[in-house]
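What shape does this take:
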Amino acid sequence: MKRLFLLISLLVLSKFSAQTWATEDQYIQKFAQYAVEEMEKYKIPASITLAQGLLETGGGQSILAQQGKNHFGIKCKEDWTGKTMKHTDDAPNECFRVYDDPKQSYEDHSIFLATRKYYTNLFNLDMKDYKAWAHGLKKAGYATNPRYASILIGKIERYKLYEFDEVNSKEVLYAVLKKYPDLKDDRSFMAQLEPSKKVKSEPVTLKVPYKATSYAQQQKRVERIKSKAEVLNSILIKSHPNGGLKYIVIPEDTNVQFIANKFKISDSKITKWNDLQSDVLRKDDIVFLESKNSEGNTPTYKAEFGEDMHDIAQKFGVKLNKLYAKNRMDEGQKPSVGQLIYLIDKKPRN
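I've put the predicted structure just below:
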């Protein structure tokens, strides 16, 4: 009897283990279709798009991918009018695009590359030369990681993503099945291969009886709105990507004196450390609780619409006077949109 039970258990386990995939395998199975469709429309190698998605989302596990459906880490920029979310990347509290579904993110990624002047030369490359595209993206400044090209190439070759450069959108599911033959036991996946056999389900109408409630009961269901004082008192100290500097993000309009009293730091130090010209602090301002660094944690940054040098200094935890000096700019001079701002000295010091 025990042997029979053991045999049944092994059979059950083998059936389920056949469909237990690593997160990156799952990502490929789910999003290869989008990558190939974008390749057909915009002539960007599917292997490159898929590898970028894998890398940027950590196999679909990143906060941006799960909460914002943003698979390529595209920031808001001046021309974005859709939904947004705040997230810490190179700097705290940066603005990122939010999509209704991942398919929109894939298409926006294609449009982003196809319409930005920095990436024009990419479209002169052979669409099936993924290595040239990987190096071209790094050269054009898509990412600050010096190993970005080699990481993309590594993922493409590890998962043989170049195979998707050879198929069209009607063939991609068969290419996925060829790569992962155990998917034949996955009913939901196999159903995609036979769309004509899908049965359209009729919407179900539920009748819910009306139940009167008192005003007091209704009020209990309404989420309590925190007062300004409660919000300010709940500020948490964070660790900045630039060397772990201690900083906070102001949740409501306040002043330097309030922050000084709360964190037991003199207002003169807060003013000096943050290069402030007034006592006023606005919602979403970044405020450091210690002296900023002389350099950033990334070599360069392209100025965005509406930013001044103080905004950039706070974003990257760099002393404002050092930032002006690195870029040979006068105090008070504003950067133009898209201007390359140096956060680290161009040449090593002697």
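
okay, now the closest residue to residue 33 other than its chain neighbours: neighbour count?
Among residues not flanking residue 33 along the chain, residue 172 sits closest, at 5.2 Å (C-beta to C-beta, 6 or more residues apart in numbering). Just so you know, the C-beta spots here come from the backbone N, C-alpha and C atoms, and that holds for glycine as well. Using other C-beta atoms under 10 Å, residue 172 has 20 neighbouring residues.

Mind jotting down where the strands sit in the stretch 151-300 of the chain?
Along the stretch 151-300 of the chain, counting by DSSP state E, counting those that start in this stretch, strands occupy 238-239, 246-249, 254-255, 280-281, 286-288, 300-302.

Where among those is average confidence lowest?
Here the lowest mean pLDDT among the strands of the stretch 151-300 of the chain goes to strand 238-239, at a mean of 84.

Please name every helix or strand in contact with that strand.
strand 246-249 (3 or more C-beta pairs under 8 Å, 6 or more residues apart in numbering; DSSP states H and E).

Please save the CA atoms from the strand it packs on in CSV.
The C-alpha trace of strand 246-249 is given here as CSV (Å, rounded to 0.1, in the frame of the first residue of the first chain):
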residue,chain,number,x,y,z
LYS,A,246,20.2,59.9,4.9
TYR,A,247,17.3,61.9,3.4
ILE,A,248,13.5,62.3,3.6
VAL,A,249,10.8,63.2,1.1
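
residues in contact with that strand?
92-93, 235-240, 259, 263, 284-290, 317 (C-beta atoms under 8 Å, 6 or more residues apart in numbering).

Mind checking which of those are buried?
92, 93, 235, 238, 240, 259, 285, 286, 287, 288, 289, 317 (16 or more other C-beta atoms under 10 Å).

Kindly list the main-chain dihedrals of the fifth one?
Meaning residue 240. phi -80, psi 140 (degrees, to the nearest 10).

shouldn't it be in contact with residue 92?
Yes - Residue 240 is in contact with residue 92 according to C-beta atoms under 8 Å; the separation is 6.2 Å.

Next, the buried residues of the host helix or strand of residue 324.
For residue 324, the enclosing helix or strand under DSSP states H and E is helix 320-326. Using 16+ other C-beta under 10 Å as the test for burial, helix 320-326 gives 320, 322, 323, 324, 326.

how close does the second one get to residue 306?
Same thing as residue 322. 22 Å (C-beta to C-beta, to the nearest Å).

I'd like the domain boundaries of the protein, if you could list them.
20-197, 300-342 (automatic domain parsing).

Format the ones you listed as JSON lines; extra columns: distance to residue 248.
Listed next are the domains of the chain as JSON lines, based on distance: least, C-beta to C-beta, whole Å:
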{"stretch": "domain 20-197", "distance to residue 248": "9"}
{"stretch": "domain 300-342", "distance to residue 248": "11"}
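
before we move on, the earlier item: and the buried residues of helix 320-326, which two are the farthest apart?
320 and 326 (10.9 Å; C-beta to C-beta).

how far is the helix holding residue 324 from where the chain is centred?
In terms of C-alpha atoms, centre = their mean, to the nearest Å, the centre of helix 320-326 is found 29 Å from the chain centre.

Numbering from 21 from now on, please.
Sure, I'll start numbering at 21, so the last one becomes helix 340-346.

Send me it as PDB with only the CA atoms.
Written as PDB, here are the backbone C-alpha positions of helix 340-346 (Å, rounded to 0.1, in the frame of the first residue of the first chain):
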ATOM      1  CA  LEU A 340      25.100  72.400  -5.600                       C
ATOM      2  CA  ASN A 341      28.400  74.400  -6.000                       C
ATOM      3  CA  LYS A 342      30.200  71.200  -7.000                       C
ATOM      4  CA  LEU A 343      27.500  70.500  -9.600                       C
ATOM      5  CA  TYR A 344      27.900  74.000 -11.100                       C
ATOM      6  CA  ALA A 345      31.700  73.600 -11.200                       C
ATOM      7  CA  LYS A 346      31.600  70.100 -12.900                       C
END
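
ok, then the element right after that helix?
That would be, after helix 340-346 and using DSSP H and E, strand 360-362.

Buried residues of that following strand, list them for me.
Residues of strand 360-362 classed as buried under the neighbour-count rule (16+ other C-beta under 10 Å) are 361, 362.

so which strand or helix has residue 59?
Per DSSP H and E: helix 43-62 holds residue 59.

and that helix, what does it pack onto?
Using 3+ C-beta pairs under 8 Å, 6+ apart, helix 43-62 sits against helix 66-77, helix 122-135, helix 192-199.

If we use 10 Å, what do you get?
Here helix 43-62 touches helix 66-77, helix 122-135, helix 168-178, helix 192-199, helix 207-213, going by 3 or more C-beta pairs under 10 Å, 6 or more residues apart in numbering; DSSP states H and E.

so can I have TSV of these showing distance to residue 47 and mean pLDDT?
Formatted as TSV, the helices and strands packed on helix 43-62 follow (distance: least, C-beta to C-beta, whole Å; pLDDT from 0 to 100):
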stretch	distance to residue 47	mean pLDDT
helix 66-77	6	95
helix 122-135	10	92
helix 168-178	10	94
helix 192-199	11	90
helix 207-213	14	82
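
and these, which is most packed in?
helix 66-77 (a mean of 26; mean count of other C-beta atoms under 10 Å).

Restrict it to CA atoms and write it as PDB.
Taking C-alpha atoms only, helix 66-77 is exported to PDB below (Å, rounded to 0.1, in the frame of the first residue of the first chain):
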ATOM      1  CA  ALA A  66      12.500  41.000 -30.600                       C
ATOM      2  CA  SER A  67      15.500  39.500 -28.900                       C
ATOM      3  CA  ILE A  68      16.600  42.900 -27.700                       C
ATOM      4  CA  THR A  69      13.200  44.000 -26.500                       C
ATOM      5  CA  LEU A  70      12.700  40.800 -24.600                       C
ATOM      6  CA  ALA A  71      16.100  40.900 -23.100                       C
ATOM      7  CA  GLN A  72      15.600  44.500 -22.000                       C
ATOM      8  CA  GLY A  73      12.300  43.500 -20.400                       C
ATOM      9  CA  LEU A  74      13.900  40.600 -18.600                       C
ATOM     10  CA  LEU A  75      16.600  42.800 -17.300                       C
ATOM     11  CA  GLU A  76      14.600  45.800 -16.300                       C
ATOM     12  CA  THR A  77      11.900  43.800 -14.500                       C
END
